[in-house]
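[1] just need the structure, nothing else, for what follows:
(2 chains)
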There are 2 protein chains.
Amino acid sequence: MSIYITVDIGGTQIRAAAFPILGYEPLKIKRIATQNSNRSPAERLITLIEDVIPVGEDITAIGVAAPGPLDPSTGVIFETPNIPELHHFPLASYLADHFKKPVALDNDANLAALGEWTIGAGKGHKHLIYLTISTGIGSGIIIDGHLLHGEKGLAPELGHTIVLPNGPRCSCGHRGHLEAVASGPAITRWVQQAIEQGKKSLLSNAQHLTAKTIADAATQGDQLAKAAFERAGTFIGQALADFVHIFNPSVIILGGGVSRSGDLLLPPINTTLRELVIDPNFTNNLTITTAKLGDNAGLIGAKILAQTIKS
Amino acid sequence: MSIYITVDIGGTQIRAAAFPILGYEPLKIKRIATQNSNRSPAERLITLIEDVIPVGEDITAIGVAAPGPLDPSTGVIFETPNIPELHHFPLASYLADHFKKPVALDNDANLAALGEWTIGAGKGHKHLIYLTISTGIGSGIIIDGHLLHGEKGLAPELGHTIVLPNGPRCSCGHRGHLEAVASGPAITRWVQQAIEQGKKSLLSNAQHLTAKTIADAATQGDQLAKAAFERAGTFIGQALADFVHIFNPSVIILGGGVSRSGDLLLPPINTTLRELVIDPNFTNNLTITTAKLGDNAGLIGAKILAQTIKS
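    Numbering: from 1, shown residues only, chains lettered A, B, ... in the order given. From the prediction side, this is the model:
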């Protein structure tokens, strides 16, 4: 019998899964910390994949979800701010050489979008925007049933859209990007600064501020915490107005840890988007929803990608 | 013998052309004012088309470039701020009923993009952004050789991207759009206000300020006029940084009257874009250029569209 192997490479952990030929229920999933030994992540990835192959099974193909920017056509990763060992690393050919099997690689957010589109919250749609809001803000876009890659596979970087010129500095070094005002760390930073400036909050004496603890405080009625999500949601809504005018999608899917605070984020997103849209035809019948596939979106998307490899 | 008929509907004039089956040299072009009599533009359009058909020729198909938003799949125009008679008008079926020939319709900026891509400044590229900067700012995008339309054919409205939150009001009624700070009227308005506030300029006593007279003054060294194009170009560069991150194109083409001031606009566009791009891979090998097809871009694009109609 044959299986597909898929891998999802993150800043904190790398996961590998074995999938049957048909369907999207993994047979086995294993994970390792991205950084925890002297051996490089690439070497340990090979061991991880070997661990996940069920006894007696043969690999049909391998699909890899990796942090971008990368070149999906050559399988080379360009930049990996959180994993220096993989800078400019030809990961697809490295795995193909070792396992003697075809390997396809794409951006993790692209593959999550592909997963949501195939069996998740975007099923049945032709024009989809997927935004993953967590430590950073990643994105994947499907146009007429095809992933948007652009000339060198660098598209789409929706998280680096300028929403507040000269605003807070982004992880990329530039200012005022969506990621710099609406990601988990951006929400945390804003609350931290407000507390330092004397704003009252249940969180005033919190040891570890995170988007999750802020969301919990908001749910308990904390005004500052509520205002933090209101602010992030308003910026996301503003950016979505641009994206809706640019792409005219039928569905927008929000994934990532921060989007799990859906009840806090979705109302300001919806209000702002509907206020800023230039013509109601853009939002009539537009679905805005949260992701369905959770943590496995990348692994599932990588399986869909691996299935497209022509042998 | 057979010909193609194409039409370009603008706010001030409607033009019709007859094209031979092969090639993009019009056999005949005629124009009428969009508004100048008691008869509706649609009725007069029929007369215009009849005037342009060479004696003894048979129409193969008709292609129409119209101001958006519109639905290219049904050929219905939704909104035409400058031509109230065509609001929600089923122009494609109206012409098809009259001439008993197949008719295809699309947004004028989409068709100009298609024209530039097929035989103009975007020839040979697969990923193209076309921006037409004149009274408004329109756009067309080609991804992997296909025009971007979105779910209802409303994409892409790049001119309505927010570049200056709470900035000047746009023709659409919203604030801070690219069109509100970088179109011809936006440039004119900014110079007008500066003059009213006492800024010195060759234009201080000008009767009719237009983007063209301001460009002429800038060429003569007028500081205010130069600053006006510098400002517009900086905003266009900022918006292009977003678009480059979103689409990763290999060519950006600037069309429309204002872009003819290329020497004034292109330097600030290039400087700002290169300053704001998050990774040089986005701009390495990216071509930024002005349109080649001039006023006939829409007519030519409409011919390319008409050629795709399956009979």
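[2] make it CA atoms for all contacts and neighbour counts henceforth
    Noted.
[3] the residue sitting furthest away from the middle of chain A: what secondary structure?
    In terms of distance from the mean C-alpha position of chain A, A:G198 ranks first, at 34.2 Å (Cα atoms, centre = their mean). For A:G198, the reduced secondary structure class is coil; criterion used: DSSP: H, G, I helix; E, B strand; the rest coil.
[4] name the surrounding residues that touch stretch A:267-279.
    The contact list for stretch A:267-279 (Cα atoms under 8 Å, 6 or more residues apart in numbering or on different chains) reads A:230-231, A:233-238, A:240-241, A:244-245, A:280, A:283, B:160, B:172-174.
[5] so which bits of chain A are right by chain B?
    If contact is defined as Cα under 8 Å from any Cα of the partner chain, the residues of chain A in contact with chain B are A:126-127, A:143-144, A:148-158, A:160-165, A:172-174, A:242, A:245-250, A:276, A:278, A:282.
[6] just those residues: which are in helices?
    Counted as lying in helices by DSSP state H, out of the residues of chain A next to chain B, are A:D242, A:H245, A:I246, A:F247, A:L276.
[7] what about the first one, neighbour count?
    When you say that, I think you mean A:D242. As a burial measure, the neighbour count of A:D242 was computed by other Cα atoms under 10 Å in any protein chain shown and equals 27.
[8] correct me, but it touches B:T161?
    Yes. Under the criterion of Cα atoms under 8 Å, A:D242 makes contact with B:T161 at 5.1 Å.
[9] burial count for the spatially closest residue to A:S40 that is not a sequence neighbour?
    Once its chain neighbours are removed from consideration, A:S40 has its nearest residue in A:E85; the separation is 6.7 Å (Cα to Cα, 6 or more residues apart in numbering or on different chains). Counted by other Cα under 10 Å, the residues lying close to A:E85 total 13.
[10] so what's A:E85 scoring on pLDDT?
    The per-residue pLDDT reported for A:E85 equals 82.
[11] try A:G262
    In this model, A:G262 carries a pLDDT of 76.
[12] not counting sequence-adjacent ones, nearest residue to it?
    The spatial neighbour of A:G262 that comes closest, neighbours along the chain excluded (Cα to Cα, 6+ apart), is A:T290 at 7.2 Å.
[13] which residues in the stretch 101-250 of chain A form strands?
    With DSSP state E, counting those that start in this stretch as the definition, the stretch 101-250 of chain A shows strands at residue ranges A:103-107, A:127-133, A:137-143, A:146-147.
[14] contacts for the shortest one?
    Think strand A:146-147. Residues from elsewhere that reach strand A:146-147, judged by Cα under 8 Å, 6+ apart: A:N110, A:L114, A:G140, A:I141.
[15] could you spell out the sheet neighbours of that strand, each with its direction?
    Strand pairing for strand A:146-147, using DSSP bridges, gives strand A:137-143 (antiparallel).
[16] if we can go back for a sec, so the residue nearest to A:G262 makes contact with A:S259?
    Yes. Using Cα under 8 Å, A:T290 and A:S259 qualify as a contacting pair, with a distance of 6.9 Å.
[17] mind giving me the PyMOL command for buried ones among the contacts of stretch A:267-279?
    Here is the PyMOL command that selects the buried residues among these (16 or more other Cα atoms under 10 Å in any protein chain shown):
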select buried, (chain A and resi 230+231+233+234+235+236+237+238+240+241+244+245+283) or (chain B and resi 160+174)
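[18] so where do the helices sit in the stretch 151-300 of chain A?
    A:178-182, A:184-196, A:211-219, A:223-247, A:262-276, A:297-307 (DSSP state H, counting those that start in this stretch).
[19] out of these, which is the most enclosed?
    Sort the helices of the stretch 151-300 of chain A by mean neighbour count, taking mean count of other Cα atoms under 10 Å in any protein chain shown, and helix A:178-182 sits at the top with a mean of 29.
[20] quote the end-to-end distance of stretch A:174-189.
    Criterion Cα to Cα, to the nearest Å; first-to-last residue distance in stretch A:174-189 is 17 Å.
[21] and if you look at stretch A:24-31?
    First-to-last distance for stretch A:24-31 - Cα to Cα - comes to 18 Å.
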